[in-house]
Structure formats: C-alpha cells, structure tokens
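Visitor: With the sequence up front, the predicted model follows.
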Amino acid sequence: MSIEKIVSLCKRRGFVFQSSEIYGGFGAIYDYGPLGITLKKNISQLWWRDMTQLHENIVGLDSGILMHPKTWEASGHVNAFNDPLVDCKECKSRYRSDELVEEDQEKIDWTTIQCPRCGTKGKLTEPRQFNLMFKTNIGPVEDDNNIAYLRPETAQGIYVNYLLTQNAMRLKVPFGIAQIGKAFRNEIVARNFIFRTREFEQMEMQYFVKPGEDDKSLNEWKEKRMSFYSQLGIDSSKLRFHEHGKNELAHYAKEAWDIEFEFPFGWSEIEGIHNRTDFDLAQHEKFSGKKMEVFDQQNNERFLPFIIETSAGLNRILLAVLSNAYWDDKENNRIVMKFDPKIAPITAVVCPLVKKDGLPEIARKIMNDLKPHFKIIYDQQGSIGKRYYRQDEAGTPFGITVDHQTTEDQSVTLRHRDTQSQDRVAIDQLIKSINDSMENY
Ligand code: GAP
C-alpha cells in the first residue's frame with residue numbers, strides 16, 4: 001500500500017487537507033478536517049487519560065508557545081539545534097547533507113557528489129549549519145533585543161514550571177508532568193505527508209526521578225509506552241524499538257530509544273524515550289540564576305532530579321493509525337479504515353432503509369437517543385449498500401438500519417464494519433450492544 005492512497009483518502013473523506021490549498025499549498029503544513037480532528041482528539045485523549053488519570057503522580061500543564069528567549073539559550077537550541085544544509089547551485093535544490101550521504105560527514109568531498117535531482121556533479125555547496133527554530137519579534141520594533149522563538153519542543157515549558165507545579169500539587173519525586181501542544185521546526189526537507197512537518201503537535205511527559213533511579217525508570221517507561229499503542233489498535237508486528245547510537249544522541253541525552261512504526265515508506269520514529277539526565281535543569285539554573293533543586297523532606301536533602309522524557313508526535317501517531325487501518329478489501333470491492341472503535345471518528349451511522357413509511361422519523365429518534373453516548377450521524381442518501389461503503393471508508397464501525405420490521409417489533413439491524421455481519425437488536429439494547437462490541441473488538 002502506498003502513502004499516495006492514504007493522502008488521497010484523507011483529502012476525499014475530510015481527514016487531512018494541504019494548508020492554503022487555494023494558493024497552491026504552504027510548505028509542509030497541514031489542516032485537519034472533520035474526521036481528522038476527531039480522530040486526532042480521540043488519540044490525544046487516550047494519551048492524556050493514560051498519563052494524568054491512570055498515574056496518580058502525573059499531572060498536566062499547558063505552557064505558552066512563546067517563552068523567554070533565554071530558555072532556548074539554556075536548552076542548547078540556539079547553538080545546537082541545527083541541521084546541515086547543502087544546496088545545488090545548478091537546480092537550486094536543497095538537502096540535509098546527512099540524509100544525502102550517510103557516511104562520515106567530515107570525510108565527504110562534496111565536489112564529487114552528484115545532485116540527485118538534476119544529476120550534476122560538483123555543484124553542491126559545502127554543508128552549512130541551519131537553525132531549525134522559527135524566529136519572531138515581540139512588540140512593534142523588529143530588532144535583536146526582542147527576538148522570540150516558536151517553541152521547537154513542548155518539554156522546556158515543563159522544565160521552567162516544574163518547581164511551581166511540584167509545590168502547587170505537593171508532589172514528591174518521582175513525579176511526572178504531561179503536556180500536549182504545538183511545536184514548530186523549520187525543517188529543511190519536510191516530507192512524507194504529515195510525517196515531517198513544520199508545525200506539529202507533541203504529547204510529552206517529563207518524569208522527574210532521583211539520580212541513580214534513572215536507568216530503571218527509563219526501562220519502565222519504554223515498556224509502558226510501547227504497550228500504549230495496542231490501545232490504538234496498532235498491530236504490534238508493525239512496532240519496534242531503535243536505540244540511538246553515540247552519533248545519533250541529542251545534545252541532552254545519555255540514552256535514547258525510538259519507538260518506530262512500519263510506515264508505507266519504511267520504519268520511522270513516532271516517539272522518543274530519552275534519559276535527559278539533569279542537563280536541562282542544570283542549564284536553567286545556570287542561565288536564570290535560580291535554584292532548580294527539589295527538597296526531599298524525608299531525607300532532608302536537595303538535589304537536581306534526572307528527567308526521563310517520553311515524547312510522542314501526535315501527527316505521526318495519527319499517520320501510523322491511518323496506515324495501520326487502511327484495508328483494501330478486494331473481495332468486496334471496498335476500502336475500509338479498520339479503526340479501533342474506541343478511536344473511530346464516527347461510532348455509528350443510522351440509516352432508514354427508505355425515505356418514507358415513518359422510517360426516517362424513527363431513525364432520527366434513535367440518533368438523538370444515542371448522541372449523548374457516541375458520535376452518531378444520520379444518512380438517508382443513496383442505496384443502503386452505498387451508504388455502508390461510504391462509512392467503511394470513514395472507518396465507522398457500526399451501521400444501524402431501520403426497516404419495516406422496526407415498526408412492528410422495535411428492533412433494528414446492527415452491522416459490523418469489518419465482517420459486514422448483521423445482528424437484529426432491540427432499540428432499547430443498542431447502547432449495550434455497541435458498548436459490548438467496542439469492549440470486545
Ligand atoms: N522533547 C524531545 C523531542 O522533541 P524529538 O525526537 O525531536 O524529541 C519527539 O521529537 C517526537 O516529535 C518525534 O518522535 C516525532 O514523533 C515528533 N516530531 C519531531 N519533529 C517532527 C516534525 N517535524 N513533524 C512531525 N512530528 C515531529
């Protein structure tokens with residue numbers, strides 16, 4: 001299955017649109033349509049529940065996208081958040097040098113390398129460092145004294161608020177702070193649809209532990225995070241860990257693991273689990289001049305906690321869910337998005353078999369009764385087969401059809417998307433039947 005098929009379905013069915021399409025699109029930014037935003041919210045809500053509801057020592061935070069510029073000096077992003085950029089002087093194409101040639105970058109003679117696009121040799125520039133942060137200015141005057149950056153990760157908002165949060169919530173180490181929010185990176189090569197974009201959303205949880213307990217905690221979080229993906233219905237054979245080698249480690253990391261998903265374009269990272277040590281807190285202490293230590297009352301000691309970070313990309317997880325769900329059911333000549341019913345954007349469609357004999361009125365009443373419990377839509381356009389296939393493509397797990405028998409015995413058919421099997425269910429048992437089917441999916 002190709003990524004193009006997913007891109008096309010996403011546009012056709014209102015999951016994802018290219019940004020500013022009427023102006024020819026805008027570099028690697030995407031908009032989320034009605035089904036896409038609901039699917040994305042359903043995924044992020046499961047993550048939020050997992051973190052802040054199922055863990056008594058993890059709390060939430062929502063910090064600003066713009067932060068004091070010193071934050072990014074302290075974090076190392078101003079100096080070290082760079083990608084090596086290479087230009088072709090012939091065709092003006094632009095590449096990340098480490099993606100163009102994988103071998104040791106120091107040893108490459110760029111005059112011998114061919115431009116992959118125009119094929120010319122000797123026209124590639126030497127790599128130059130390109131900072132990935134988007135810059136802006138605060139206030140009416142644009143000068144170097146009022147620079148601000150759009151945050152390239154949500155993590156720093158957690159670090160600068162961690163003591164306030166700890167005090168307010170009376171937390172003891174180990175504890176965690178979770179945040180979902182936008183991050184921005186001026187990626188040189190943005191590609192693979194919503195996989196690598198310039199504006200994206202992260203779901204990050206920073207776990208503060210006593211130094212010495214960091215290795216154990218990292219292992220625990222690796223397992224917990226991997227098991228999260230089964231809740232989204234992602235096939236475990238399409239997930240694996242990848243450990244960062246010495247030359248891959250970010251400037252702040254002692255140890256790092258990626259969770260990778262097998263996309264149509266190959267295995268790629270959807271989440272990173274990092275041991276950031278006390279690097280960030282020590283840096284903020286240095287740059288702000290404020291003590292960043294926690295006080296452990298029980299042992300009467302102060303220390304800088306180590307941080308285990310779990311950092312997931314919401315848009316990449318969405319793409320993984322879309323890729324995992326896409327099923328070309330050739331036997332029945334239909335495309336089915338096999339979403340787990342827990343996260344499907346629409347839970348059920350209610351259809352009157354015909355537009356007369358009182359069936360639409362009954363169908364609308366059923367929709368209104370089910371609405372407080374599930375996301376339900378009503379559809380009376382076209383043949384019943386066409387209506388079902390439309391919903392198969394949208395990934396709607398259940399179809400409820402009101403027919404003439406309904407007027408006699410108050411029952412309807414409940415169709416199951418994947419098998420297309422149908423049960424006869426009493427209207428007053430629909431909520432239970434749907435809940436049971438969701439539970440046992
Ligand atoms: N705070 C640590 C951090 O930001 P990262 O590995 O650079 O680590 C974490 O990013 C996650 O954010 C990645 O696993 C990925 O899912 C997502 N991500 C990073 N850059 C992205 C981009 N340009 N577009 C979409 N998602 C991105």
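Guide: Cool, the structure landed.
Visitor: looking only at pLDDT, what's the mean for stretch 206-226?
Guide: Average pLDDT, stretch 206-226: 98.
Visitor: How about that stretch, which residues are buried there?
Guide: For stretch 206-226, the buried set under the neighbour-count rule, 16 or more other Cβ atoms under 10 Å, comprises 206-210, 214, 217-218, 221-222, 224-226. (C-beta placed from N, C-alpha, C; glycine too.)
Visitor: So which bits of the stretch 101-250 of the chain are right by the ligand?
Guide: 153, 155, 185, 187, 196-197, 200, 202, 204 (Cβ under 6 Å from any ligand atom).
Visitor: in the stretch 51-200 of the chain, which spans are strands?
Guide: Using DSSP state E, counting those that start in this stretch, the strands assigned to the stretch 51-200 of the chain run over residues 58-60, 82-87, 94-96, 128-131, 135-137, 147-149, 175-184, 199-209.
Visitor: nearest to Lys5, of those?
Guide: With respect to Lys5, and counting by Cβ to Cβ, the nearest of the strands of the stretch 51-200 of the chain is strand 199-209 at 22.3 Å.
Visitor: how near is the residue lying closest to Asn82 once chain neighbours are set aside to Leu249?
Guide: Computed as Cβ to Cβ, 6 or more residues apart in numbering, the closest residue to Asn82 that is not its neighbour in sequence is Gln129, at 4.1 Å. With the distance defined as Cβ to Cβ, to the nearest Å, Gln129 ends up 18 Å from Leu249.
Visitor: Would you mind giving the residues of the stretch 101-250 of the chain next to the ligand as TSV with neighbour count added?
Guide: What follows is these, written out as TSV (neighbours: other Cβ atoms under 10 Å):
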residue	neighbour count
Glu153	19
Ala155	24
Arg185	22
Glu187	17
Arg196	18
Thr197	22
Phe200	20
Gln202	22
Glu204	25
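Visitor: Return the item of these having minimum pLDDT.
Guide: Lowest pLDDT among those: Glu187, 92.
Visitor: That one contacts Glu199, doesn't it?
Guide: No. Using Cβ atoms under 8 Å as the test, Glu187 is too far from Glu199 to be in contact (10.1 Å).
Visitor: Now Arg240: which helix or strand?
Guide: Assigned by DSSP states H and E, Arg240 belongs to strand 239-243.
Visitor: Residues touching that strand, excluding its own?
Guide: Contact with strand 239-243 is made by 222, 226, 229, 255-262, 267, 269, as judged by Cβ atoms under 8 Å, 6 or more residues apart in numbering.
Visitor: as a whole number, average confidence for that strand?
Guide: The model assigns strand 239-243 a mean pLDDT of 98.
Visitor: Likewise for stretch 373-385?
Guide: Here the average pLDDT along stretch 373-385 is 97.
Visitor: Show me which residues of it are buried.
Guide: Buried residues in stretch 373-385 (16+ other Cβ under 10 Å): 374, 376-377, 379-380, 384.
Visitor: Next: stretch 85-97.
Guide: In stretch 85-97, counting by 16+ other Cβ under 10 Å, buried: 85-88, 93, 95, 97.
Visitor: Near the ligand, which residues of the stretch 301-441 of the chain are found?
Guide: Checking the stretch 301-441 of the chain against the ligand by Cβ under 6 Å from any ligand atom, the hits are 309, 311-313, 315-316.
Visitor: picking up where we left off before, which of the contacts of strand 239-243 count as buried?
Guide: Buried residues within these, counting neighbours by 16+ other Cβ under 10 Å: 222, 226, 229, 255-262, 269.
Visitor: pretty sure Asp278 is touching Ile308, no?
Guide: No. Asp278 sits out of contact with Ile308 when judged by Cβ under 8 Å, with a separation of 11.7 Å.
Visitor: Compare the two and say which is more crowded by neighbours.
Guide: Taking other Cβ atoms under 10 Å, Asp278 and Ile308 do not tie; Ile308 has more neighbours (28 against 18).
Visitor: That one belongs to a helix?
Guide: No. Judged by DSSP: H, G, I helix; E, B strand; the rest coil, Ile308 forms no part of a helix; its state is strand.
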